[in-house]
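Participant: My questions concern the predicted model and sequence given below.
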Amino acid sequence: MSLLIKNTRFLDVIEEKIQEDMDLYIEEGRIAKIGKNLDVLADEVLDGREKLVTPGFINGHTHLGMSLLRNYADDLELQTWLEDAIWPIEAKLDREDIYWGSLLSMAEMIRSGATCFCDQYYEMDRVGDAALEIGMRGILTRGLIEDGDKDLKLDQTRALYQKYHKKGKGRLRVVPSPHAIYTCGEDYLKEIIDLAKEMDGVINIHMSETIKEVEDCKRDHYMTPIQYIESLGMLDLHVIAAHCVHITEEEMDLVKNRRFYPIYNPSSNLKLASGFTPVQKMLDKGIVMGIGTDGDSSNNNQNILEEIHIGSIVNKAVSMDPKALPAMEILKMATINGAKALGLEDQVGSIEEGKAADLAIFNLNSASFTPKNNLISALCYSAQAEDVESVLIDGEFVLKDRQLTKIDYDNLLKTVQDRMDQLVRR
Ligand SMILES: CSC[C@H]1O[C@@H](n2cnc3c(O)ncnc32)[C@H](O)[C@@H]1O
Ligand SMILES: [Zn+2]
């Protein structure tokens with residue numbers, strides 16, 4: 001199956017510009033050729049004149065199964081939200097709730113142009129099944145909280161790795177994932193680090209999200225959270241570190257030459273009142289960052305375009321600098337730098353020959369893109385999810401003319417509603 005997108009524009013995150021009047025030739029799931037007036041025959045030709053093609057966006061931190069809990073527990077700070085509201089109801093979620101909730105989150109992500117995620121949750125085999133069904137790329141991480149089942153959870157991570165790592169033509173990865181330093185003790189964290197070394201040397205964790213986390217860490221370990229994980233040897237790994245809201249300059253210096261990748265979650269940090277991530281400071285130190293939506297009970301959606309927009313403008317206001325986190329910089333966080341953060345830059349994150357054809361195709365005949373003064377600005381500041389006309393993953397349409405191609409969307413919405421109605425009665 002081959003596809004030629006003719007006479008189009010695309011977001012080039014390497015050259016940091018919009019490439020105009022280009023042809024993109026996609027064959028066997030890859031971007032095979034990029035150029036002007038390509039002389040190729042394709043099974044399908046798409047007129048790209050009123051379109052803008054971007055790399056599929058990368059959602060670097062999610063809890064996909066949480067979509068059943070959208071608008072369920074609002075207006076609380078992290079610890080109260082988790083302990084009094086979220087963990088009690090999560091204990092009632094079954095495997096099928098998590099499957100359907102994850103499918104809904106994936107549908108929402110695709111409908112806003114995202115093609116890849118890094119998810120931390122429970123029942124991750126069902127999240128993997130949902131990803132295989134809808135065709136998404138992603139990292140599956142079984143969230144590890146230390147309790148009576150701690151060894152069982154490590155075994156579940158091993159089993160997940162055996163069954164899902166590199167499945168779906170290599171689109172899925174499995175990575176060990178301590179939930180946070182405040183839910184895993186020192187020995188358990190060390191065991192997880194050892195497990196990560198046995199696997200691919202990658203770890204996914206919530207880091208320095210709240211002032212309470214930092215203060216408790218200083219009280220218990222006489223170190224800041226990043227000094228603490230360094231003392232455990234975690235910084236020898238590739239670390240996908242969600243949040244990093246309360247990170248000091250010293251900590252930034254500690255991680256800047258390591259494979260430590262903070263994932264910015266602006267909506268969640270705003271809604272849980274966790275604080276403001278010093279994104280521009282970290283970027284200035286050369287730290288590579290991704291961006292993520294977090295879960296549906298702290299965001300409360302999986303719209304990656306909204307995250308890009310909010311993430312940029314909040315950072316400007318907080319730093320009182322309109323030049324902070326400009327459109328191209330945050331678009332890179334959602335594409336090439338997000339791919340680096342997840343260790344997937346050889347495969348995705350940019351429109352380059354040889355990379356997987358994970359692409360979002362925007363329809364420019366919309367208010368958000370009219371007039372076409374600056375398409376990079378439009379993607380960050382005015383684009384809407386409805387402008388995402390089609391999405392390809394591995395060269396296959398997963399969204400075509402706003403229709404999800406692999407699943408029944410109406411049935412999905414109905415099933416999630418039914419399951420939530422049942423859940424509250426359980
Ligand atoms: C053990 S699976 C993942 C676990 O994380 C919870 N969670 C969701 N959002 C956050 C957040 O912002 N900080 C910390 N923990 C979070 C989720 O509800 C699951 O219980
Ligand atoms: Zn999270």
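Facilitator: Thanks, I have it. Just so you know, these numbers come straight off a predicted model, no measurement behind them. Ligands and ions are numbered 1, 2, ... in the order given.
Participant: Close to ligand 1: what parts of the chain are there?
Facilitator: Contact residues, the chain versus ligand 1 (Cβ under 6 Å from any ligand atom): 63, 78, 82, 86, 90, 120-122, 143, 145, 179-180, 206, 209, 268, 294-295, 298. Where you see a C-beta, it was placed from the backbone N, CA and C, and this is true even at glycine.
Participant: Can you list the buried residues in stretch 150-161?
Facilitator: 150, 153-154, 156-158, 160-161 (16 or more other Cβ atoms under 10 Å).
Participant: Could you single out the nearest of the residues you listed to residue 398?
Facilitator: residue 160 (23.0 Å; Cβ to Cβ).
Participant: what about the closest one, helix or strand, and which?
Facilitator: In this structure, residue 160 sits in helix 150-164 according to DSSP states H and E.
Participant: which residues sit against that helix?
Facilitator: With Cβ atoms under 8 Å, 6 or more residues apart in numbering as the test, helix 150-164 has contacts from 124-125, 128, 140, 142, 144-145, 172, 174, 176-177, 188, 191-192, 195, 199.
Participant: list the helices and strands the helix or strand just after that helix packs on?
Facilitator: Going down the chain from helix 150-164, the next helix or strand is strand 172-174, by DSSP H and E. Identification of packing neighbours for strand 172-174 by 3 or more Cβ pairs under 8 Å, 6 or more residues apart in numbering; DSSP states H and E yields helix 124-134, strand 137-144, helix 150-164.
Participant: Let me have these in JSON lines, extended by mean pLDDT.
Facilitator: Conversion of the helices and strands packed on strand 172-174 to JSON lines gives the following (pLDDT from 0 to 100):
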{"stretch": "helix 124-134", "mean pLDDT": "98"}
{"stretch": "strand 137-144", "mean pLDDT": "98"}
{"stretch": "helix 150-164", "mean pLDDT": "98"}
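Participant: Is it possible to get these out as a markdown table so that each row also shows distance to residue 43?
Facilitator: Formatted as a markdown table, these follow (distance: least, Cβ to Cβ, whole Å):
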| stretch | distance to residue 43 |
| --- | --- |
| helix 124-134 | 23 |
| strand 137-144 | 23 |
| helix 150-164 | 30 |
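Participant: Any idea what the residue in the stretch 251-400 of the chain positioned nearest to ligand 1 is bridged to?
Facilitator: Among the residues of the stretch 251-400 of the chain, residue 295 lies nearest to ligand 1; the distance is 4.5 Å by Cβ to the nearest ligand atom. Residues in a beta bridge with residue 295, per DSSP bridges, are residue 63.
Participant: Surely it and residue 63 touch.
Facilitator: Yes: between residue 295 and residue 63 there is a contact at 3.4 Å, judged by Cβ atoms under 8 Å.
Participant: Counting neighbours, go ahead and name the busier of those two.
Facilitator: A count of neighbours by other Cβ atoms under 10 Å puts residue 63 above the other of residue 295 and residue 63, at 29 against 26.
Participant: Just the pLDDT for that one.
Facilitator: Residue 63 carries a pLDDT value of 98.
Participant: check contacts around it.
Facilitator: Going by Cβ under 8 Å, 6+ apart, residue 63 touches 119-121, 143, 294-296.
Participant: switch the cut-off to 10 Å
Facilitator: With contact set as Cβ atoms under 10 Å, 6 or more residues apart in numbering, residue 63 has these partners: 69, 86, 90, 98, 101-102, 105, 119-122, 127, 143, 242, 268, 292-299.
Participant: Kindly report the same for residue 140.
Facilitator: 64, 117-121, 124-125, 127-128, 131, 157, 160-161, 163-165, 167, 172-175, 177, 204.
Participant: For PyMOL, write a command that selects the buried ones of the residues you listed.
Facilitator: Of those, the buried ones go into a single PyMOL selection, burial set by 16+ other Cβ under 10 Å:
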select buried, resi 64+117+118+119+120+121+124+125+127+128+131+157+160+161+164+165+172+173+174+175+177+204
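Participant: For residue 345, what are phi and psi?
Facilitator: For residue 345, the backbone dihedrals (degrees, to the nearest 10) come out as phi -70, psi -20.
Participant: For it, give its distance to residue 282.
Facilitator: Distance from residue 345 to residue 282, counting by Cβ to Cβ, to the nearest Å: 18 Å.
Participant: cool, residue 83 as well?
Facilitator: Separation of residue 83 from residue 282 (Cβ to Cβ): 29 Å.
Participant: All set, thanks.
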